[in-house]
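Colleague: Provided below are the primary sequence and the corresponding predicted coordinates.
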Amino acid sequence: MSALQEVAATQGRPAGTDDLPSAARGGPVGHALARVARLHRVAAGRLLRGAGLYPGQESVMMHLWDVGAVRQAELIKAVDLDPSTVTKMLQRLEQAGHVRRRPDPRDGRAVLVEATEQSCGLHDEVAGAWAGLEEHTLAGLNPAERAQLAHLLSRVEANLFAETAGCRAPAED
């Protein structure tokens, strides 16, 4: 046991938690996940800015590129964001010429959303941004560590999904 681990053990908290806010000391992993998620979003935002996108808009575009035209209600479920957030995203994406909204010919009350031909040029930029972000984020990890991290995060996600079933993600833009 290292000196840091011994000190932490005598104080009843995990090693490496000395720098945490006192209320977060019972959840160092959760605190780390929150910090990492925030930093990842900031880094993604910087990379996506070059493509003229805000964080979250690339998820909408990726879904539309992969599945084609979908009802707006289905898109909202797929990206798991608040409807007002998706509506605002779609307005911005439509103004930029990346998406088109039109009435669903099978149900005039529903709206179909689709990526425009113009947006196809963004696909490679978004793919490049995500690949670059992945490399930057995982720098120094070997392939086995990367696979292990992906596996562990998948388990954490499953735990959180089970805990939050039926809950909507917080509204973001």
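Modeller: Okay, I see it.
Colleague: only C-alpha atoms from now on, for both contacts and neighbour counts.
Modeller: Fine.
Colleague: what does the average pLDDT come to for the longest strand anywhere in the chain?
Modeller: Ranked by residue count, the top strand of the chain under DSSP state E comes out as strand 107-115. Per-residue pLDDT values over strand 107-115 give a mean of 91.
Colleague: from the chain's centroid, how far away is the next helix or strand after that strand?
Modeller: On the C-terminal side of strand 107-115, the closest following helix or strand by DSSP states H and E is helix 120-137. Going by Cα atoms, centre = their mean, to the nearest Å, the spacing between the C-alpha centre of helix 120-137 and its chain's C-alpha centre is 14 Å.
Colleague: cool, and stretch 153-170?
Modeller: Centre to centre, stretch against its chain (Cα atoms, centre = their mean), the figure for stretch 153-170 is 13 Å.
Colleague: show me where the chain has its helices.
Modeller: Secondary structure of the chain, counting by DSSP state H: helices at 3-10, 28-49, 57-67, 72-79, 83-95, 120-137, 143-164.
Colleague: which regions of this structure sit below the pLDDT cut-off?
Modeller: Counting by pLDDT under 70, the low-confidence segments of the chain come to 1-18, 166-173.
Colleague: ok so, going back, how far does the longest strand of the chain sit from its chain's centre?
Modeller: Averaging C-alpha coordinates over strand 107-115 and over its chain gives two centres that are 25 Å apart (Cα atoms, centre = their mean).
Colleague: direction included, what does that strand pair against?
Modeller: Sheet partners assigned to strand 107-115 using DSSP bridges are listed as strand 70-71 (antiparallel), strand 99-104 (antiparallel).
Colleague: list of residues touching it?
Modeller: Strand 107-115 is contacted by residues 61, 64-65, 68-72, 98-104 when judged by Cα atoms under 8 Å, 6 or more residues apart in numbering.
Colleague: out of those residues, who's the most crowded?
Modeller: Across those, the neighbour count under other Cα atoms under 10 Å reaches its highest value at residue 61, namely 24 neighbours.
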